[in-house]
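Undergrad: need coordinates for the below:
(one chain, ligands or ions: 2)
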Amino acid sequence: MTPDDSIVLRFEDVSLHFDATVALDHLSLEVHPGQTYVVFGAAGSGKTMLLKVAVGLVRPDSGRVSLFGQEITGLREQDLFDIRARVGILFQEGGLFDSLTVAENVAYPLTNQRVLRQAAVTPEGSAGNGAVRTVDDRVRESLRFVELEETLDKFPAELSGGMRRRVGIARAVVSAPALLLYDSPTAGLDPITANTIIALILKERDLRNTATIMVTHRYQDGHLMANFRYNPNSGQIERARGGGDVSQVSTKFLVMNAGRLVFEGTEPELQASQDPYVRKFLRVGGA
Ligand SMILES: Nc1ncnc2c1ncn2[C@@H]1O[C@H](COP(=O)(O)OP(=O)(O)OP(=O)(O)O)[C@@H](O)[C@H]1O
Ligand SMILES: [Mg+2]
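TA: Ligands and ions are numbered 1, 2, ... in the order given. Below is the predicted model:
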């Protein structure tokens, strides 16, 4: 087994069933560093299962899944733990612990992952000068990233829905993961708050060249991911230049239907699709 970091995630002919229900149907895909995948699909089409299988939280019935060049399909839970430390996840249900403060929630991936603890919680490339940063520093930095540093000692129940989502993002990015999975990050939010969330996701992607898979029901979310980028010099989200701009080229859209990948391509290709099911996801500003 030669780990190959040029492919962040690979699915090869992956299938998953729950009794007679097909959750994933012979699914294959490859995600490269810095690449964005936007996943559309009806309720129950397998979007969440795609993410859960990607990190080994659910094991497929057949096929192979590799993370960072290592096949995870047959790995023991302990070994999976270490690989999973390199992936950040924002769960569809939010997944914050009600009994923990915001700071404790955000610290959770750092204090519960062996690899990161052993590395004195200094991920490659982040501290630069080799300085060891404490969990507390990292938590503050992550909450500052989502502009919620002042909520450190609050409990999730004291926050608005949009703020809770931002805490979820802070927790997902705190370990500086190479792959980020976002399950419906804008669901249930008003359009302005939703755009703020997408801006954070863009910022994280473009600051660190993170591979990103984002499940969403909003066409606008995918459109923003494909056409906008974070400019570290201005600190602003800007429209990407046309033609060969990086984010245009590296954002792909996937459409799932009953566990099957029924579309994979760029935004212009998605726009050009004549498939009635695929076209359902095209409405700008859609639900
Ligand atoms: N634990 C489970 N037991 C039985 N069936 C399940 C389980 N988890 C998921 N499924 C089924 O697998 C299929 C895919 O589910 P999944 O959660 O991936 O859908 P989804 O595309 O994320 O939907 P939504 O947009 O509503 O979140 C569905 O038919 C669902 O009912
Ligand atoms: Mg889901």
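Undergrad: contact partners for Met163?
TA: Met163 sits next to Leu148, Thr151 when contact means C-beta atoms under 8 Å, 6 or more residues apart in numbering. Heads up, the C-betas are built off the backbone N, CA and C, glycines and all.
Undergrad: compute the distance between it and Leu16, please.
TA: Between Met163 and Leu16 the computed distance is 34 Å (C-beta to C-beta, to the nearest Å).
Undergrad: what ranges do the helices span in the stretch 151-287 of the chain?
TA: 161-173, 191-208, 219-227, 246-250, 267-272, 276-279 (DSSP state H, counting those that start in this stretch).
Undergrad: ugh, wrong one, I meant the stretch 1-150 of the chain
TA: Ranges of helices in the stretch 1-150 of the chain, per DSSP H, counting those that start in this stretch, are 47-54, 77-84, 102-111, 114-118, 135-145.
Undergrad: Arg229 against Gln236, yeah?
TA: No - at 9.9 Å, Arg229 and Gln236 do not qualify as touching, with contact defined as C-beta atoms under 8 Å.
Undergrad: which of these two has more residues huddled nearby?
TA: Arg229 (22 against 12; other C-beta atoms under 10 Å).
Undergrad: ok, what's across the strand from that one?
TA: Using DSSP bridges, the beta-bridge partners of Arg229 come out as Glu238.
Undergrad: can you pull the buried residues of stretch 209-219?
TA: For stretch 209-219, a neighbour-count test (16 or more other C-beta atoms under 10 Å) marks Thr210, Ala211, Thr212, Ile213, Met214, Val215, Thr216, His217, Arg218, Tyr219 as buried.
Undergrad: is it true that the fifth one touches Val31?
TA: Spelled out, it's Met214. No - applying C-beta under 8 Å as the test, Met214 and Val31 come out as separate, 11.6 Å apart.
Undergrad: and the helices of the stretch 151-287 of the chain as TSV, adding distance to Glu147 and mean pLDDT?
TA: Listed next are these as TSV, based on distance: least, C-beta to C-beta, whole Å; pLDDT from 0 to 100:
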stretch	distance to Glu147	mean pLDDT
helix 161-173	7	93
helix 191-208	9	92
helix 219-227	18	94
helix 246-250	23	58
helix 267-272	29	94
helix 276-279	36	96
